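> the amino acid sequence is not available; the structure is as follows:
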């Protein structure tokens, strides 16, 4: 065995989670007050040490941290990137494997209601510890890029939604209006939705809108397309 | 300080590098015989432990490993993903932060000539240790996706190249023919190339072709576009 020698400085391994939602048509992120030094009490991304005895992988660690610290169970968690180095944390050489998830506002609001959680606009972040500002900015860029080619924004929706509601979500994420015809063609191409029988939007003067939901097969993965919206 | 307690199992942190090149119009990857147990002598991705005393970040560790093990200095290294968990390495709970780079075949050939290195086709991989097969497959998928929207394939070229040579490289990476007019429009849009004055392709019956090279500003970063080839 050639393991790193004990004279090497230890490297510690953490996970951080960027939990994004749409509020007032803008991307928002969940911040929690840090329960530890350094930066104790300061708002930061939910995160924690990987526990080798307990977590099968870093993904499982991220899922556990989210459940323990934010009370949110198993959203669709995707790896964003890994931040590492000697300088990013005063405690020593650290690795943070970062995950992100998109959740409906209602879910995040419920989770955030108890604790001192804050849901802040991604374009108006407060001072943040470590490299958390860079991390959030990368997550927002990744979600925007990916959204044009995949079902990703559907995770911002509740269980069921109408086509105009879904289009509004895509437009909020991408930050631009989308042509209705090409939007519907793209959604059909992704083949990720099914109609919800018997459920119709009521209270409108014109004919009621059909409700849709994500097909069961897509509840834990993305549907992706080679061509972007409008492509 | 709330560091992980000493009763926790140690987590060890490594880097692995997927070095890709084009050979016979196909993506190939560099493998080196492992110098350590487990799997000693078996071809595997170049990799090694992060050294907290020596490496500023995991990116620096990947660059050092590539220099030490393959004699290749500072290609454009991009993070691919991080693999982690209790099961992937028999030595214990491990993290591998994986980087990838695209290099011209001539560079890889020179690096591989001395050692017992192998350059193998990405679609015909031998048996590989750990999760190295999954890692290579993810790298190939990433390069294909990214290539349609960026200058990435230029890193497969030598210092200078003609437009037909560059188009052939893009076609090899994407695995499909590209319309010449939309290819030239896309390349112009990326605005990453400059002409090499006074250098022309010779020995052809028709008029000599202009040589191009990557603009200096792009030698260490990507030029990306919102629209893909043909978009």
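Alright, I've got the coordinates. Since the model is a prediction, treat every value here as computed from it, not as a measurement.
> where does chain A have low pLDDT?
Residues of chain A that meet the criterion pLDDT under 70 lie in A:1-9, A:111-115, A:199-207, A:219-231.
> can you tell me the centre-most residue of it?
Nearest to the mean C-alpha position of chain A, by C-alpha atoms, centre = their mean, lies residue A:101 at 2.1 Å.
> which residue ranges make up each domain of chain A?
What automatic domain parsing lists as the domains of chain A is A:12-147, A:152-218.
> residue A:29 is in contact with the residue nearest to the centre of chain A, correct?
No: taking C-beta atoms under 8 Å as the definition, residue A:101 is not a contact partner of residue A:29, at 10.8 Å. All C-beta spots, glycine's among them, are computed from the backbone N, C-alpha and C.
> got any residues that touch both of the two?
Common contact partners of residue A:101 and residue A:29 (C-beta atoms under 8 Å, 6 or more residues apart in numbering or on different chains): A:18-20.
> which among these end up buried?
The neighbour-count test (16 or more other C-beta atoms under 10 Å in any protein chain shown) marks A:18-20 as buried among the shared contacts of residue A:101 and residue A:29.
> just want the angle from the longest strand along chain A to strand B:12-23.
Scanning chain A for the strand with the most residues, using DSSP state E, yields strand A:12-23. Angle, strand A:12-23 to strand B:12-23, by axes from the mean of the first three to the mean of the last three C-alpha atoms, to 10 degrees: 70 degrees.
> what's strand A:12-23 packed up against?
Packing partners of strand A:12-23 (3 or more C-beta pairs under 8 Å, 6 or more residues apart in numbering or on different chains; DSSP states H and E): strand A:26-33, strand A:47-49, helix A:58-70, strand A:94-102, helix A:105-114, strand A:118-121, helix A:132-147, helix A:163-174.
> ok, back up a step: chain B versus the nearest residue to the residue nearest to the centre of chain A once chain neighbours are set aside, what's the distance?
Excluding the flanking residues, the one nearest residue A:101 by C-beta to C-beta, 6 or more residues apart in numbering or on different chains is residue A:75, at 4.0 Å. In this view, residue A:75 and chain B are 19 Å apart by C-beta to the nearest C-beta, to the nearest Å.
> mind checking what secondary structure the residue nearest to residue A:170 when sequence neighbours are not counted has?
Excluding the flanking residues, the one nearest residue A:170 by C-beta to C-beta, 6+ apart is residue A:153, at 5.1 Å. Taking DSSP: H, G, I helix; E, B strand; the rest coil as the rule, one finds residue A:153 in the helix state.
> isn't residue A:153 up against residue A:167?
No: Residue A:153 lies out of contact with residue A:167 (C-beta under 8 Å); the separation is 9.8 Å.
> ok, the two, which is more surrounded?
Neighbours were counted for residue A:153 and for residue A:167 using other C-beta atoms under 10 Å in any protein chain shown; residue A:153 has more, 23 against 20.
> list the contacts of the more buried one.
Applying C-beta under 8 Å, 6+ apart, we find residue A:153 in contact with A:102, A:147, A:166, A:169-170, A:173.
> how much space between residue A:157 and residue B:212?
Here the criterion is C-beta to C-beta, to the nearest Å. By it, residue A:157 lies 46 Å from residue B:212.
> again, but for residue A:189
Residue A:189 sits 36 Å away from residue B:212 when distances are taken as C-beta to C-beta.
> those two: which is more packed in?
residue B:212 (21 against 13).
> show me what the more buried one is bridged to.
residue B:161, residue B:195 (DSSP bridges).
> correct me, but residue A:160 touches residue A:214?
No: with contact defined as C-beta under 8 Å, residue A:160 does not count as touching residue A:214 (9.3 Å).
> pick out whichever of the two has more residues nearby.
Neighbour count, other C-beta under 10 Å: between residue A:160 and residue A:214, residue A:214 has more, with 20 against 15.
> ok, and the closest non-adjacent residue to that one?
residue A:154 (5.5 Å).
> quick check, that neighbour in contact with residue A:215.
No: using C-beta under 8 Å, residue A:154 is not in contact with residue A:215, being 10.2 Å away.
> who's more crowded, these two?
Neighbour totals were compared for residue A:154 and residue A:215, and residue A:154 leads with 25 against 13 (other C-beta under 10 Å).
> roughly how far does the more buried one sit from residue B:102?
As judged by C-beta to C-beta, residue A:154 and residue B:102 stand 33 Å apart.
> same check on residue A:43?
Taking C-beta to C-beta, one finds residue A:43 at 40 Å from residue B:102.
> more neighbours, those two?
residue B:102 (27 against 21).
> quick check: closest non-adjacent residue to the more buried one.
Spatially, and ignoring its direct neighbours in sequence, residue B:102 is nearest to residue B:155 (3.8 Å; C-beta to C-beta, 6+ apart).
> do residue A:106 as well
Computed as C-beta to C-beta, 6+ apart, the closest residue to residue A:106 that is not its neighbour in sequence is residue A:158, at 6.5 Å.
> cool, thanks, signing off.
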